[in-house]
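K.L.:
This is a predicted model, with the sequence first.
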Amino acid sequence: MQIGMVMEVAAESELAAGKLKHAKEIIDESPLLSENELWLIQFTSDYYHHPIGEVVAAALPAALRQGKPRDSIVQRIGLTPLGAQTDLDALCKRARRQGELISLLRDAESISFADLDEAMPGWRRLRSSMIEKSLIEEYESADDDLSGGLANVEQEKGPRLNADQSSALESIRAGKGFNSTLIDGVTGSGKTEVYLHLILDEIAAGRQVLVLVPEIGLTPQLVSRFRRRLGLEPEVLHSGLSDNARLAAWRAARSGSAHLIVGTRSAIFVPLKSPGLIIVDEEHDSSLKQQEGLRYSARDLAVVRAKKLDIPIVLGSATPSLDTLQRCHDGAYTHVRLPSRAGKAVPPLMRLVDLTRHDAYEGLSQPVIDAIEKTISRDGQVLIFLNRRGFAPTLICTGCGSVAECARCDSRMTVHAGSNLLKCHHCGAQRGIDSECLECGSTCRPLGHGTERLEDALRSRFPGEVITRIDSDSTRLKGTMTKALSMATSGETRILVGTQMLSKGHHFPNLTLVVVINADQGLFSTDFRGGERLAQSLIQVGGRAGREERQGEVIIQTAFPEHPFWNELLSGGYAKVAASTLIERQNAVWPPFSRLAMLRASATKREDAHRFLELARTLAETAGIDGVRVLGPVSAPMERKAGRYRAQLLLQSRQRSCLHQVLNCLRTSLEGSPDARKVRWSVDVDPIELF
Ligand code: ADP
Ligand code: ZN
Ligand code: ZN
């Protein structure tokens, strides 16, 4: 059986009659998606040059695509005319339980199976005999229970907004219809408080709110804050849900019974009965962009959708993307600022430790060790940030210096001491740790530091302290993440070691010191977004420190303290880095001052990938459209991955429309070309990673 979607109805077909098939069954009697939702799907397909069938697949819950009906069906029990007239007293004497069920049904007319299970446990045993006697009947109906979403919790009062928050709120409230606002507020400045007020406005007016958050931003802490403060149960949509739970949330959003939907990027496609507002939190976060298959930006689509619906959109971040900042400068978005922390908290102090002047013990310099000691002795909590999981980035031979490489990728194997394995973080390959060099027989030792090794070092340097590591290895088991986070929040954990996973969204009340072990990779990135990313990641992780009364401190270890990036960041914060980076981008005509699209191809033979992109280059250059630069093809920075050779071709233009015209030409010609059969290829519009 195949399930299809009817996108439009036509009187004739270009296909031969013999090629057309009849539909055997119609699953939904009325359309699944409204005109606005179909419009968004069509727009996404056009803009990202991606087949519409795959966009529909991404937009709809899997359960619907497997044939579940659009509306949820509830099984109910009702009385037959005979049951309605039966002599209740007489029946109760003969069969008390049957009488009870009939009396329940007389009061309510019909009751769902689920409600009966609660009202009269064990009623199901009576079912078949009472149906046989024609006292009751079963039927199905659409679930029209609109009471969902109201939690039985009392709505908690929030703090009084400060002057900056109030003026942000007033500015947003003053807008009519579609308008975009950036709330540019330092971490802990009370952006979420402003969202809460806006959400309450919409709910009071009977409209729905969609809140998009990055993957790691959707924490239980955030959801429970919404629940307590709004007095309702948010519908949550993320990749970890079961198919049925996802369908239930989708239905609730579509029927309007869900007032607030909080979700990660794919929630941008959720249908809304009465949309009032879209909020994108941490709008700079790269997880809002899907990096494979349909490569869409949920943030960008959110703006487009809000415009189509003529409703306001609010983007929030402590480290706004340069794209969004530039739109503020252009006057397209309203820029509101929350420059200081709300409540009593003050911003953390940031300083560098020069690794060329201080020896490091297992990656920890003496000033860092002193600072950790001091913090612990004052009952504070420390977060140590290292964006590299595993024990060590690689294994090196002490004799000939050769390093352990992945056989299928141009990358090194990471040492995982806990499982005694070498693993490739790019293709997942793994093998045992070689104790002797395969080339010369000398002993091998781990080189560099990962979170696992750092945890070991901290345990031996600070014995007796509670140390918790949080990364994708340590939290793989169900429930371990929740436990680790609650230990960190309660303050039981004294030293937290972790990756990116720890850097956003969390609020650890006792945390006063953040240490960044190594940020230097980001200083010399080949990607023009390297500086922007590094500044964002440092400000975000630093923002975890000192969120309550005690002032926080952020220490960054670097071997390049003279690099101009540090001066900008330390003297002017994110805003200064952003301003100078925008000037660089303008001079180099990189986004947001131009538009990019990336064509990627991979093949088992290097030549095939390159030949395909050469063809694309020729097609782009002969398409007769001015103002599009074609760069490449070149091999991807990590050329071989999982046994395939990867290459890329970059298209750049000041004019979005020119770029799209070229992409349209390319798509049609490339799809039919024989060279395309040997490669896997994809188009990435507005790429955010240039590899
Ligand atoms: P952000 O979303 O910008 O990180 P939050 O809204 O989470 O900031 O606020 C950070 C902390 O400050 C929270 O504990 C919050 O309850 C508190 N807070 C926010 N606004 C105020 C205010 N006006 N007065 C006192 N405390 C506030
Ligand atoms: Zn060797
Ligand atoms: Zn590999």
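P.N.:
That came through, no problem. Residues are numbered from 1 along each chain as shown. Ligands and ions are numbered 1, 2, ... in the order given.

K.L.:
elements contacting the longest helix seen in the chain?
P.N.:
With DSSP state H setting the assignment, residue counts place helix 564-588 as the longest helix in the chain. Secondary-structure packing of helix 564-588 (3 or more Cβ pairs under 8 Å, 6 or more residues apart in numbering; DSSP states H and E): helix 322-329, strand 349-354, helix 530-542. Every C-beta, even on glycine, is put in place using the N, C-alpha and C of the backbone.

K.L.:
Is ligand 1 within reach of it?
P.N.:
No: Helix 564-588 lies out of reach of ligand 1 by Cβ under 6 Å from any ligand atom, never closer than 13.7 Å.

K.L.:
what's in contact with that helix?
P.N.:
Residues from elsewhere that reach helix 564-588, judged by Cβ atoms under 8 Å, 6 or more residues apart in numbering: 318-320, 322, 325-326, 329, 350-352, 523, 528, 531-532, 534-536, 538-539, 556, 558, 560, 590-593.

K.L.:
Narrow those residues to just the buried residues.
P.N.:
Neighbour counting with 16 or more other Cβ atoms under 10 Å marks 318-320, 322, 325-326, 350, 352, 523, 531-532, 534-536, 538-539, 556, 558, 590-592 as buried within the contacts of helix 564-588.

K.L.:
Tell me the spatial nearest neighbour of the spatially most central residue of the chain, not counting adjacent residues.
P.N.:
Centroid check for the chain by Cα atoms, centre = their mean gives Glu215 as the closest residue, at 2.9 Å. Distances taken as Cβ to Cβ, 6 or more residues apart in numbering place Ser287 nearest to Glu215, at 4.4 Å, with adjacent residues excluded.

K.L.:
Pull out the buried residues from stretch 163-178.
P.N.:
164-165, 168-169, 172.

K.L.:
Kindly report the same for stretch 646-661.
P.N.:
Neighbour-count burial for stretch 646-661 [16+ other Cβ under 10 Å]: 646-653, 658-661.

K.L.:
need the buried residues of stretch 163-178 in a markdown table with pLDDT and distance to Ala249, can you?
P.N.:
A markdown table is the format used below for the buried residues of stretch 163-178 (pLDDT from 0 to 100; distance: Cβ to Cβ, whole Å):
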| residue | pLDDT | distance to Ala249 |
| --- | --- | --- |
| Asp164 | 96 | 34 |
| Gln165 | 97 | 30 |
| Ala168 | 97 | 29 |
| Leu169 | 97 | 28 |
| Ile172 | 96 | 26 |
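
K.L.:
Show me those that map onto helices.
P.N.:
164-165, 168-169, 172.

K.L.:
got these as a markdown table, with distance to Pro121 columns?
P.N.:
Shown next, in a markdown table, are those (distance: Cβ to Cβ, whole Å):
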| residue | distance to Pro121 |
| --- | --- |
| Asp164 | 55 |
| Gln165 | 50 |
| Ala168 | 52 |
| Leu169 | 49 |
| Ile172 | 50 |
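
K.L.:
Against ligand 1, which of those make the cut? List them.
P.N.:
Applying Cβ under 6 Å from any ligand atom to those, those adjacent to ligand 1 are Gln165.

K.L.:
Tell me the confidence at the closest residue to Ile372 other than its chain neighbours?
P.N.:
Excluding its sequence neighbours, the residue lying closest to Ile372 (Cβ to Cβ, 6+ apart) is Val382, at 5.3 Å. Per-residue confidence (pLDDT) for Val382: 96.

K.L.:
Then Asp626?
P.N.:
88.

K.L.:
so how far is Ala545 from it?
P.N.:
Relative to Ala545, Asp626 is positioned 51 Å away (Cβ to Cβ, to the nearest Å).

K.L.:
who's more crowded, the two?
P.N.:
Ala545 (29 against 9; other Cβ atoms under 10 Å).

K.L.:
Among the buried residues of stretch 163-178, which pair sits farthest apart?
P.N.:
Across the buried residues of stretch 163-178, no pair lies farther apart than Asp164 and Ile172, at 12.9 Å, counting by Cβ to Cβ.

K.L.:
So which residues on this protein come close to ligand 3?
P.N.:
Taking Cβ under 5 Å from the ion as the contact definition, the chain meets ligand 3 at 406, 408-409, 424, 426-427, 429.
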